[in-house]
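J.: I'd like to go over a predicted model; first the sequence, then the structure.
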Amino acid sequence: MSDETNDSPKPVAPAAAATGGTSTSAPSQQELAIRSALETVMDPEINLSVIDLGLIREVRLLEPPKTLIRMMLTTPFCPYAPQLIADVKQAATSVVPQECEVEILPDAWSPDLMPDPGLLGFSY
């Protein structure tokens, strides 16, 4: 018996079914376009994009047409969270015009998650 409910969104990528529900295939052009658009979403305190900070952990296109973005915040109670979420949704829907859900992950952020931690201008 599965823990999933029947109304759960399903991944669009056909490779997901072949790998037990997780896709290891390369991101689609739409997912890449969304990530590119997210480079314009800036953290107002650090002045780096959510991509540069490594906050975007996953971008998935689901069926029915929906974009799911899983992201972290730099601090658990970030005062800018509502604005960041709105900006992420706006950037995603500007390139893939469909419903977008942003899920905030409870994981702790650290500069180690950044593609280039040197962008912070100091070392940890």
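T.: Cool, the structure landed.

J.: where does pLDDT dip in the chain?
T.: For the chain, residues meeting the criterion pLDDT under 70 lie at 1-24, 122-124.

J.: show me where it has its strands.
T.: Counting by DSSP state E, the segments of the chain that form strands are 10-11, 56-63, 66-71, 99-104.

J.: mind listing what Gln30 touches?
T.: Neighbour list for Gln30: Leu61, Val95, Val96 [criterion: Cβ atoms under 8 Å, 6 or more residues apart in numbering]. Heads up, the C-betas are built off the backbone N, CA and C, glycines and all.

J.: would you map the helices across this structure?
T.: 15-18, 29-38, 81-95 (DSSP state H).

J.: could you export those helices as CSV, including distance to Met114?
T.: Shown next, in CSV, are those (distance: least, Cβ to Cβ, whole Å):
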stretch, distance to Met114
helix 15-18, 28
helix 29-38, 14
helix 81-95, 16
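
J.: how about these, which one is nearest Val102?
T.: Val102 sits nearest to helix 81-95 of all the helices of the chain, at 4.8 Å, using Cβ to Cβ.

J.: buried residues of the closest one, list them for me.
T.: By 16 or more other Cβ atoms under 10 Å, the buried positions in helix 81-95 come out as Ala81, Leu84, Ile85, Asp87, Val88, Lys89, Ala91, Ala92.
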